[in-house]
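Trainee: Output the structure for:
(one chain, ligands or ions: 1)
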Amino acid sequence: MRASLIQIAVDPAESPNSRRARVASLVAEQRGVADLVVLPELWPVGAFAYESFEAEAEPLDGPTHRAMAKAAAEASVWLHAGSVVERAPDGALYNTALVFSPSGELAATYRKMHRFGFDAGEAVMMAAGDALVTVPVPDLPLGVATCYDLRFPEMFRGLVDAGALAFVVSAGWPARRREHWTLLARARAVENQAYVLACGTGGTHAGVPQAGHSLVVDPWGEVLAEAGDGEETLTVDLDPALVATTRDRFPALKDRLLGLAPPRR
Ligand SMILES: O=C(O)CCC(=O)C(=O)O
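Mentor: Presented below is the predicted three-dimensional model:
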């Protein structure tokens, strides 16, 4: 299985519509290259562009859904299309990740559970999701998480218990805490003996320089690839059998004292 992470630079001078068209082309270029493509958090608007959230909010079947469903089908890939500002039917906003199958069907949605910002920004503007989400990608079931979720290990343990062999973390992580980003991505891989595919944004938007440094970590904690600061695509080969091998050879997950269910292998 081959995965490509497309680290988008969110340039405020580019309109969301132009960016959707450009990102759709980048995804379509992955035809025959990757089986799974991953995009960052809130790339249509910018994760810190709070003042645009209301105006750019879209229903689940909105413009990002349409563009990405088409791109997934054109490229014939599983597409984690990052997240959008979702306007729910009751008017609430959610930070919602969209995952498409290779035929362009919406395979899963995940509403970000841990909202970032403490008493400001996303934490007050958006409602919180309340459900863990896994996606049954053949051979490599994915657990879905978004940005700040990375700081909450219990969520990843829950995803492992639900059968995830890899975590896809879509983010708009600030440069100021880049070391936390790479450290936590590796920690989530090591403690859960699972792949971590962590795709962030590059560039600067809303005055917040982005960390970039998207990375892919294997179940032993080795960094297989890491991007720089700007727009970049990382393509990495993943071996789903390595998860079982790692869990068999170093069966630490079996020694959990507080967990209830042993993880699937
Ligand atoms: O936890 C962090 O340092 C960054 C989180 C974040 O930027 C987000 O969730 O949007």
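
Trainee: May I ask you to confirm that residue 250 is in contact with residue 219?
Mentor: No: between residue 250 and residue 219 there is no contact under CB atoms under 8 Å: 9.4 Å. All C-beta spots, glycine's among them, are computed from the backbone N, C-alpha and C.

Trainee: Report the set of residues contacting both of these two.
Mentor: residue 193 (CB atoms under 8 Å, 6 or more residues apart in numbering).

Trainee: Flag every residue of this structure that's near the ligand.
Mentor: Within the chain, the positions adjacent to the ligand are 47, 116, 147-148, 151, 172-174, 177, 180 by CB under 6 Å from any ligand atom.

Trainee: let's see 8 Å
Mentor: 41-42, 47-48, 95, 112, 114-117, 122, 146-151, 171-174, 176-177, 180-181 (CB under 8 Å from any ligand atom).

Trainee: now the strands for the stretch 1-150 of the chain?
Mentor: 2-7, 36-38, 78-87, 93-100, 106-111, 134-135, 142-146 (DSSP state E, counting those that start in this stretch).

Trainee: Tell me who's in contact with the residue nearest to residue 100 when sequence neighbours are not counted.
Mentor: Nearest non-adjacent residue to residue 100, counting by CB to CB, 6 or more residues apart in numbering: residue 72, 3.8 Å away. By CB under 8 Å, 6+ apart, the residues touching residue 72 are 27, 37, 78-79, 81, 100-104.

Trainee: Which one's more surrounded, residue 250 and residue 219?
Mentor: residue 219 (24 against 13; other CB atoms under 10 Å).

Trainee: what's around the residue nearest to that one when sequence neighbours are not counted, how many residues?
Mentor: If the residues on either side of it in the chain are set aside, residue 219 comes closest to residue 246, at 4.1 Å by CB to CB, 6+ apart. Neighbour count for residue 246, taken as other CB under 10 Å: 21.
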